[in-house]
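Participant: No letters, just coordinates:
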């Protein structure tokens, strides 16, 4: 029947969409961490600072122009493993 074959294709499209969302989140987090670094000496909120510090453990801060794909992949790993959410929750309590 059609719905069986269409379900498989829909599942594959969903997987690609979720991978894309995770990558977009990684880019947004990396950009936000750089923006926070550039705003020093202003201090971010506890949860935001904790997430930025976690990102900085894996990715260097602002500097000269460079190839960003390895840095995006490092933050992508933090997103997909749930470490970003865990760090934010550790600093602020459970996210809703």
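Facilitator: Looks like it arrived, so ask away. Source: prediction; values computed, not measured.

Participant: For residue 47, give its distance to residue 85.
Facilitator: 10 Å (CB to CB, to the nearest Å). For every residue, glycine as well, the C-beta is placed using N, CA and C.

Participant: same question, residue 76
Facilitator: Distance from residue 76 to residue 85, by CB to CB: 14 Å.

Participant: what do you get for residue 51?
Facilitator: 9 Å.

Participant: Work out which residue lies at the spatial centre of this protein.
Facilitator: For the chain, the residue nearest the mean C-alpha position is residue 26 (3.0 Å; CA atoms, centre = their mean).

Participant: thought that residue was touching residue 76?
Facilitator: Yes: look at residue 26 against residue 76 with CB atoms under 8 Å: they come within range, at 4.1 Å.

Participant: Tell me the buried residues in the top helix by length along the chain?
Facilitator: What stands out as the longest helix in the chain, according to DSSP state H, is helix 2-38. Buried positions in helix 2-38, judged by neighbour count with 16 or more other CB atoms under 10 Å: 23, 25, 26, 29, 30, 33, 34, 36.

Participant: and of the residues you listed, the nearest to residue 62?
Facilitator: residue 34 (5.5 Å; CB to CB).

Participant: Excluding chain neighbours, what is closest to that closest one?
Facilitator: residue 62 (5.5 Å; CB to CB, 6 or more residues apart in numbering).

Participant: and that neighbour, how many neighbours?
Facilitator: 9 (other CB atoms under 10 Å).

Participant: how much space between residue 60 and residue 51?
Facilitator: 16 Å.

Participant: whoops, residue 94 was the one
Facilitator: 15 Å.

Participant: who's more crowded, these two?
Facilitator: Per other CB under 10 Å, whichever of residue 94 and residue 51 has more neighbours is residue 51, with 25 against 7.

Participant: secondary structure element for that one?
Facilitator: Here residue 51, judged by DSSP states H and E, is contained in helix 46-58.

Participant: again, but for residue 63
Facilitator: With DSSP H and E as criterion, residue 63 is part of no helix or strand.

Participant: Cheers, nothing more for now.
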